[in-house]
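# From the sequence below, what's the structure:
(one chain, ligands or ions: 2)
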Amino acid sequence: MALEIYQFPCLSDNFGVLVHDPERGVTASIDAPNAESVRGALKHKGWKLSYIFTTHHHADHTDGNLALKSETGCVIIGPKAEAAKVPGIDTAVSEGDAFRLGSHQVRVLETPGHTAGHITFHMPTANVAFVGDTLFALGCGRVIEGTMEMMWNSLAKLAALPGNTSIYCGHEYTLANAKFALTIEPENEALVARAREVEALRQAGKATLPTRIDLELTTNPFLRVKSEAIRKRLGLESAADWQVFAEVRNRKNKA
Ligand code: ZN
Ligand code: FE
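Numbering: from 1, shown residues only. Ligands and ions are numbered 1, 2, ... in the order given. From the prediction side, this is the model:
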């Protein structure tokens, strides 16, 4: 039976996500930006919390951990490399670890850069990945604790997932990302069309997420560093991929 995924906005621009396996009656919250919002979403769906999957230690992803754990007895699974900073963590996982959510497999990918130990939860049989603050629709997370090269390698790992993989991200940043992306690749028709769609969705108060890997590959400038047009625009024709990425990221930081 298919997984049910429920995404809801919380805090100022975060997303909460619940993943439910109806067959086994188990539910995971992807991060816990705030206990009240996750509690409300669980109540709305009539689901009982079994797990929290923590992508990284930032407060806007872990603030709800302790309250939700004490109310529900849920198990918190999070990144080994920053386990000491994840409130209430029970199981610390790293690259290649695999476990189950009900009848579906969950694989752990290490995607450091935004934080030093950031992980992604990939569910291959359900064609979905929960990428936290690593990849965003038309953007990527700020490189706070890692290096540019590290972040590029993490994005390249996500870019190599099957094209039809649904991507759930930590934030609704797509409109600002679209405006910036157009400064990097204004001649990309797929990007121009998507920017229009994103604007229409936001005007209607709708979420622009989840996205898909294939859509990001054709429109997200942070994944398109091999593009001749982008390299030429940046004057980096013969630079390494990570250096082109770093230039795009630095420009976004100043945008
Ligand atoms: Zn973060
Ligand atoms: Fe965040």
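
# Helices along the stretch 151-255 of the chain, start to end?
Under the criterion DSSP state H, counting those that start in this stretch, the stretch 151-255 of the chain contains helices at 174-184, 189-203, 213-219, 228-234, 241-254.

# Compute the inter-axis angle for the last one and helix 174-184.
Yep, that's helix 241-254 we're talking about. With axes from the mean of the first three to the mean of the last three CA atoms, to 10 degrees applied, the angle from helix 241-254 to helix 174-184 works out at 120 degrees.

# Would you mind pulling up the elements that helix 241-254 packs against?
helix 148-159, helix 174-184, helix 228-234 (3 or more CB pairs under 8 Å, 6 or more residues apart in numbering; DSSP states H and E). Heads up, the C-betas are built off the backbone N, CA and C, glycines and all.

# I'd like these as TSV, with mean pLDDT, mean neighbour count and distance to Arg194 appended.
Below are these laid out as TSV (pLDDT from 0 to 100; neighbours: other CB atoms under 10 Å; distance: least, CB to CB, whole Å):
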stretch	mean pLDDT	mean neighbour count	distance to Arg194
helix 148-159	98	20	17
helix 174-184	98	20	7
helix 228-234	97	14	16
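
# For those, give me a markdown table that also has distance to Gly16.
Below are the helices and strands packed on helix 241-254 laid out as a markdown table (distance: least, CB to CB, whole Å):
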| stretch | distance to Gly16 |
| --- | --- |
| helix 148-159 | 21 |
| helix 174-184 | 17 |
| helix 228-234 | 34 |
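
# nearest to Gly46, of the ones you listed?
helix 174-184 (29.9 Å; CB to CB).

# returning to that earlier point: in TSV, list the helices and strands packed on helix 241-254 along with distance to ligand 1.
Converted to TSV, the helices and strands packed on helix 241-254 look like this (distance: least, CB to the ion, whole Å):
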stretch	distance to ligand 1
helix 148-159	13
helix 174-184	15
helix 228-234	26
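
# could the helices of the stretch 151-255 of the chain go into TSV alongside distance to Ile76?
Output for the helices of the stretch 151-255 of the chain, formatted as TSV (distance: least, CB to CB, whole Å):
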stretch	distance to Ile76
helix 174-184	29
helix 189-203	32
helix 213-219	27
helix 228-234	40
helix 241-254	30
